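Trainee: Here you go, sequence then predicted model.
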Protein chains: 4
Amino acid sequence: MSPTHIWEIDIQFGDCDPAGIVFFPNFLKWMDCSSLAFFMACGVPPWRELVQTRGIVGTPLLEIHTQFKKSATYGERIQVHTTVESWAAKTFTHRHRVMRGDTLLCEGTEVRAFVQKHPDDPNRLQAIPVPEDIKALCS
Amino acid sequence: MSPTHIWEIDIQFGDCDPAGIVFFPNFLKWMDCSSLAFFMACGVPPWRELVQTRGIVGTPLLEIHTQFKKSATYGERIQVHTTVESWAAKTFTHRHRVMRGDTLLCEGTEVRAFVQKHPDDPNRLQAIPVPEDIKALCS
Amino acid sequence: MSPTHIWEIDIQFGDCDPAGIVFFPNFLKWMDCSSLAFFMACGVPPWRELVQTRGIVGTPLLEIHTQFKKSATYGERIQVHTTVESWAAKTFTHRHRVMRGDTLLCEGTEVRAFVQKHPDDPNRLQAIPVPEDIKALCS
Amino acid sequence: MSPTHIWEIDIQFGDCDPAGIVFFPNFLKWMDCSSLAFFMACGVPPWRELVQTRGIVGTPLLEIHTQFKKSATYGERIQVHTTVESWAAKTFTHRHRVMRGDTLLCEGTEVRAFVQKHPDDPNRLQAIPVPEDIKALCS
């Protein structure tokens, strides 16, 4: 099973909307941050390096499902608890639990794939099988 | 059944990430824009007015489920096709289809509730039953 | 002298902060959008193409000076009036006037340079002289 | 003279644009974060509380002047060094130096004013004299 990595954030004024609470796409953005932090904590180099060495551009989302339980506002410190729930041949599933201490704020599952630039056209991206070495680092 | 409202956007350079494609939380942000545009096209006043007249702050998300099919990049014009798929007592379900012309880029369903400031504490928000007049305007 | 290009935007809920007004960095983001729209209206291809054909990545900012006169909120339609005020050997100066109809909301000058990927290291960017053909298109 | 407060940030993938570097409005956003962090480090309550107790909504920008020296990218840790350079009757001037360790990335001065909701119309904001107690806390 994968380890769980915790990524912390201090919510800012500009993260909040006229209702005074976090504008929800920011929660998704923070899950994305936490996904990258998860891989880097496992020892995977940043995509910026992997694109040079192996042509891997990142792990774009295929699907996301998120439930919002409680709101949050600026001045608060929250944590995203991230793990890989399962690995498939060409995709993997993240679970993110966004917590304010012991309080669950929102919970999401993401299906992602590793992609590289298409060999025939660097403007196109294509999914590749989950690299075994990266999977091993994260398990 | 609800009408479908189409909200259009020209993708900008700053909407895209180092992979050169739309940073995915922006798709969710645009679904949010399209939700508000849907209500305003149906004749519902902006939340800014409703908070004054009826204490209604907006329609925060309870749940979102999105599938990403194709990427998009800056310089492209895309459309969000938004409708209300179903109304429940205290929630409603949006369906958003993000299209580039005839090409489906991503598809999402959102469960939302109308909220107002809590009468005892203006810092708290509470869900209210779907207002019948708003539902009538949007059907 | 350069033409003036007008780029229009409908302000969204998520563009506004807990004070209910546009979160100011969005004005800067819109000036950036309007800068690109200016070049494309003059007939310059998107950076995405120029990076393939001529290695030009874009026109990053060197300096920005902005005065904020009036606030704006969601549901409003505003316009950015953009021109090139002056061309130097390696830089140029944009003037952006953000208007809500006849009302000036904010005004900014930007100094920018054209950059390309460094021939020895694609991870580094370097400024180049203003391309004469692009300057001619925009004058 | 005011103290200098240092606010740190880990740059994220989604903070960067298709050129692979920080999308510049984020630097301005981080200066804004650092402004609020400065006041809170000085012992000023968050605006969310001040709006309840004293009607103070925040310190919107009147003017910003920023020079960009070097780019930065995701995976890097940077610091915003923030101080108040001068206090006037109704405004004050922040200086922000964004550093990556010893390297200056960008430098900005901001002129801001304290604002409250207009007593006659809560939808309008009005500038007020710099509150003496807040100034004292921050000097």
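Mentor: Looks like it arrived, so ask away.
Trainee: other SSEs contacting the least confident helix or strand in chain A by mean pLDDT?
Mentor: Least confident helix or strand, chain A: strand A:121-128 with a mean of 81, by mean pLDDT, DSSP states H and E. The helices and strands touching strand A:121-128, judged by 3 or more CB pairs under 8 Å, 6 or more residues apart in numbering or on different chains; DSSP states H and E, are strand A:114-118. (C-beta placed from N, C-alpha, C; glycine too.)
Trainee: Confirm A:Thr109 sits in a helix?
Mentor: No: counting by DSSP: H, G, I helix; E, B strand; the rest coil, A:Thr109 falls outside a helix, being strand.
Trainee: That one touches A:Arg95, doesn't it?
Mentor: Yes: contact status for A:Thr109 versus A:Arg95: in contact at 5.5 Å, counting by CB atoms under 8 Å.
Trainee: tell me, what's touching these two both at once?
Mentor: Residues touching both A:Thr109 and A:Arg95 (CB atoms under 8 Å, 6 or more residues apart in numbering or on different chains) are A:Glu85.
Trainee: quick revisit: now do the least confident helix or strand of chain A against strand A:114-118: the angle between them, please.
Mentor: Interaxial angle of strand A:121-128 relative to strand A:114-118 (axes from the mean of the first three to the mean of the last three CA atoms, to 10 degrees): 150 degrees.
Trainee: so where do the strands sit in chain A?
Mentor: Using DSSP state E, the strands of chain A run over residues A:5-10, A:56-58, A:61-68, A:77-87, A:92-100, A:103-112, A:114-118, A:121-128.
Trainee: The fourth one pairs with which strands?
Mentor: Listed by DSSP bridges, the sheet partners of strand A:77-87 and their directions read strand A:5-10 (antiparallel), strand A:92-100 (antiparallel).
Trainee: Give me the buried positions along stretch A:110-129.
Mentor: A:Glu110, A:Val111, A:Arg112, A:Ala113, A:Phe114, A:Val115, A:Gln116, A:Lys117, A:Leu125 (16 or more other CB atoms under 10 Å in any protein chain shown).
Trainee: Using PDB, list the CA coordinates for that stretch.
Mentor: Coordinates of each C-alpha in stretch A:110-129 appear next as PDB, following Å, rounded to 0.1, in the frame of the first residue of the first chain:
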ATOM      1  CA  GLU A 110      -8.700  11.400  -8.700                       C
ATOM      2  CA  VAL A 111      -7.900   9.100 -11.600                       C
ATOM      3  CA  ARG A 112      -4.700  10.200 -13.300                       C
ATOM      4  CA  ALA A 113      -2.400   8.900 -16.000                       C
ATOM      5  CA  PHE A 114       1.300   9.500 -16.800                       C
ATOM      6  CA  VAL A 115       1.600  11.300 -20.100                       C
ATOM      7  CA  GLN A 116       4.500  12.100 -22.400                       C
ATOM      8  CA  LYS A 117       4.900  14.300 -25.500                       C
ATOM      9  CA  HIS A 118       3.800  12.400 -28.600                       C
ATOM     10  CA  PRO A 119       7.000  11.300 -30.500                       C
ATOM     11  CA  ASP A 120       5.500  12.400 -33.800                       C
ATOM     12  CA  ASP A 121       4.100  15.800 -32.600                       C
ATOM     13  CA  PRO A 122       5.400  17.500 -29.500                       C
ATOM     14  CA  ASN A 123       2.200  19.500 -29.300                       C
ATOM     15  CA  ARG A 124       0.200  16.300 -28.500                       C
ATOM     16  CA  LEU A 125       0.300  14.400 -25.300                       C
ATOM     17  CA  GLN A 126      -0.200  10.600 -24.900                       C
ATOM     18  CA  ALA A 127      -0.800   8.300 -21.900                       C
ATOM     19  CA  ILE A 128       1.800   5.700 -21.100                       C
ATOM     20  CA  PRO A 129       1.800   2.700 -18.800                       C
END
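Trainee: Using PDB, write down the CA coordinates of the longest helix seen in chain A.
Mentor: For chain A, the longest helix by residue count, based on DSSP state H, is helix A:25-41. C-alpha atoms of helix A:25-41 as PDB (Å, rounded to 0.1, in the frame of the first residue of the first chain):
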ATOM      1  CA  PRO A  25     -11.700  25.200  -7.300                       C
ATOM      2  CA  ASN A  26      -8.900  26.100  -4.900                       C
ATOM      3  CA  PHE A  27      -9.500  22.800  -3.000                       C
ATOM      4  CA  LEU A  28      -9.000  21.000  -6.300                       C
ATOM      5  CA  LYS A  29      -5.900  23.000  -7.000                       C
ATOM      6  CA  TRP A  30      -4.500  22.100  -3.600                       C
ATOM      7  CA  MET A  31      -5.200  18.400  -4.200                       C
ATOM      8  CA  ASP A  32      -3.200  18.800  -7.400                       C
ATOM      9  CA  CYS A  33      -0.400  20.400  -5.400                       C
ATOM     10  CA  SER A  34      -0.600  17.600  -2.900                       C
ATOM     11  CA  SER A  35      -0.400  15.000  -5.700                       C
ATOM     12  CA  LEU A  36       2.900  16.500  -6.900                       C
ATOM     13  CA  ALA A  37       4.100  16.800  -3.300                       C
ATOM     14  CA  PHE A  38       3.300  13.100  -2.800                       C
ATOM     15  CA  PHE A  39       5.400  12.000  -5.700                       C
ATOM     16  CA  MET A  40       8.300  14.300  -4.700                       C
ATOM     17  CA  ALA A  41       8.200  13.000  -1.100                       C
END
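Trainee: any idea of the angle that helix forms with strand D:5-10?
Mentor: In terms of direction (the same axes, to 10 degrees), helix A:25-41 departs from strand D:5-10 by 70 degrees.
Trainee: Show me which positions of helix A:25-41 end up buried.
Mentor: A:25-39, A:41.
Trainee: right, quick check: it against chain C, any contact?
Mentor: Yes: contact between helix A:25-41 and chain C, assessed by CB under 8 Å from any CB of the partner chain, occurs at A:Pro25.
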